[in-house]
Structures are given as C-alpha cells and as structure tokens.
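Student: coords below, sequence missing:
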C-alpha cells in the first residue's frame with residue numbers, strides 16, 4: 001500500500017517540477033512493489049540488498065505470462081536503484097557530495113515507468129492469488145483487512 005502513496009507523491013512532485021524527489025519516490029514505488037511480489041514468494045528482504053537482483057532471480061522466472069513485461073521494465077528498475085541516494089540525499093555512502101540535476105523528461109520517464117511497474121506488480125500478485133485487487137489505497141486497505149486480517153498487525 002505504501003507504493004500507492006509513493007506513486008501519488010511522485011505525481012504531485014512531477015506537477016511541482018521537483019524532479020529529484022520524483023525519482024526518489026519512483027524508486028520507492030518500484031522497491032515496495034518488488035518487495036510485495038517477493039514476499040508473496042516467501043522472500044523477505046530486511047538486510048542491505050539490491051531488490052532488482054532478487055526480482056531478476058526470483059520474480060521474473062516465476063511470472064509466467066508477465067515475464068516479458070518484467071524483463072522490459074527491469075532496466076528502468078535497475079536505474080531507479082542507482083538514483084536512490086543521489087536523488088534523495090545528494091551525498092553517497094562515502095560522504096562525497098553528488099550534484100545531479102534531473103530534467104522534466106527524467107521525471108516523466110521515471111513516473112511512467114514506476115507506474116507501469118507498479119501495475120505489473122499488481123498483476124503478478126493477482127495472478128498468484130487468483131483474485132483482482134483494488135488499485136485505490138482506501139479500497140485496497142479494506143480488501144486486505146477483510147481477506148487477510150489474520151496477517152495484519
């Protein structure tokens with residue numbers, strides 16, 4: 001559900017022309033969508049990781065008819081992962097300052113790719129659970145509470 005908040009934030013930030021944060025929230029959207037797919041397959045990522053690697057090794061091979069769609073978007077997802085630190089913090093893990101400017105086209109491309117990827121994650125989960133999930137946060141919250149209450153804290 002947090003991925004829905006991130007894609008909404010990215011959309012608002014795109015309208016405000018704050019492209020570095022658009023990329024950050026697109027990365028967060030793709031990471032949270034990825035983790036939803038991985039958790040459905042019994043993989044929980046808690047340590048430092050590259051979620052795109054897990055997607056490539058686990059989700060893509062088990063995605064059936066969605067496999068080609070995942071493969072097409074994997075390039076974008078990997079790029080998002082590389083922008084995570086610089087788009088949000090402007091400094092890397094070694095303390096070096098990174099000044100990277102993003103253009104409108106970067107923001108639009110990232111938003112469209114993250115939105116497509118999130119939809120693909122929904123389809124993957126629906127395929128595995130044999131159900132249709134609501135796309136709006138409020139409706140999804142109600143659906144999860146109704147159908148998976150025993151797993152929600």
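Tutor: Here it is on my side, so go on. Note that this is a predicted model, so its numbers are computed, not measured.
Student: from here on, contacts and neighbour counts on C-alpha atoms
Tutor: OK.
Student: Outside of the helix or strand containing residue 144 itself, list whatever touches it.
Tutor: Residue 144 is part of helix 137-148 when elements are defined by DSSP states H and E. Contacts to helix 137-148, defined as Cα atoms under 8 Å, 6 or more residues apart in numbering, come from residues 1, 4-5, 133-134, 152.
Student: and it, how far out from the chain's middle?
Tutor: 19 Å (Cα atoms, centre = their mean, to the nearest Å).
Student: Redo the contacts of helix 137-148 as a markdown table? Include pLDDT.
Tutor: Listed next are the contacts of helix 137-148 as a markdown table, based on pLDDT from 0 to 100:
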| residue | pLDDT |
| --- | --- |
| 1 | 77 |
| 4 | 97 |
| 5 | 97 |
| 133 | 96 |
| 134 | 95 |
| 152 | 65 |
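Student: from these, which would you call buried?
Tutor: 1, 4 (16 or more other Cα atoms under 10 Å).
Student: Identify, from the contacts of helix 137-148, the entry nearest to residue 94.
Tutor: Taking Cα to Cα as the measure, residue 94 lies nearest residue 5 of the contacts of helix 137-148, at 30.1 Å.
Student: And the helix or strand harbouring that closest one, how far out from the chain middle?
Tutor: Assessed by DSSP H and E, residue 5 sits inside helix 2-16. Centroid separation for helix 2-16 versus its chain: 12 Å, with Cα atoms, centre = their mean.
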